[in-house]
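> Give me a model of this one.
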Amino acid sequence: MGCGRDEPASFGIVDPVITIELSGNWDLLNKVPGRFDDFVRRAPKLAAQEYVGSIHDWISAGKAFTGHTGFLQQSIGWRPESNAAVVYANAAYAEYVEQGTGPFRGRSKWPITPKNRKALKIPNKTGGFYFAKSVTHTGSRPFPFFFADFDHRVELITESLMNEFAEALFK
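This next block holds a predicted model:
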């Protein structure tokens, strides 16, 4: 089984993606009438479902970000693609949650200034506001969820596929 990390150079243009493709000599298994056709056809789907489930479990266990709207978690899914399955997080900001911003990605801090006003109106912790002509954004730390615990997730997928394979073998 191949579980490749397709991490694009520019996350902002391409969503975080993992392609799950099963490789090997499946021709031998296909010669056994009716037993493994269904397994070979379903295996990428099963692997993708397992991976997406493990992402949701990771988030629900509080090991990643704390969602406010649920949109990012809802944007995590998978789709079939020929003999493979593609796992994705298609929220526009998924990359920034996964990898962080600014100094956390080797970039410098940057100033934020008002575009159409004289000052920025910034909420404070007591429910009020304060004003500033500019502030320096120090970046956001990463909250890995998509590629976090990758090796363990591959183990889960392998175990799940082996169980499905055993069921197909003893049908």
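> C-alpha only now, for contacts and for neighbours.
Noted.
> gap between Ala84 and Arg117?
For Ala84, the distance to Arg117 equals 51 Å [CA to CA, to the nearest Å].
> Next: Gly70.
For Gly70 relative to Arg117 (CA to CA), the value is 32 Å.
> Same check on Arg42?
Taken as CA to CA, the span from Arg42 to Arg117 is 57 Å.
> now Arg153
According to CA to CA, Arg153 and Arg117 sit 49 Å apart.
> Give me the mean pLDDT for whichever strand or helix holds Ile122.
Assigned by DSSP states H and E, Ile122 falls within strand 120-123. Averaging pLDDT along strand 120-123 gives 93.
> Please point out which parts of the helix or strand just after that strand sit buried.
Using DSSP H and E, the next helix or strand after strand 120-123 towards the C-terminus is strand 129-132. Across strand 129-132, burial judged by 16 or more other CA atoms under 10 Å covers no residue at all.
> How far does strand 129-132 sit from its chain's centre?
Chain-centre distance of strand 129-132: 36 Å, with CA atoms, centre = their mean, to the nearest Å.
> swap in stretch 115-123?
Taking CA atoms, centre = their mean, one finds the center of stretch 115-123 at 34 Å from the center of the full chain.
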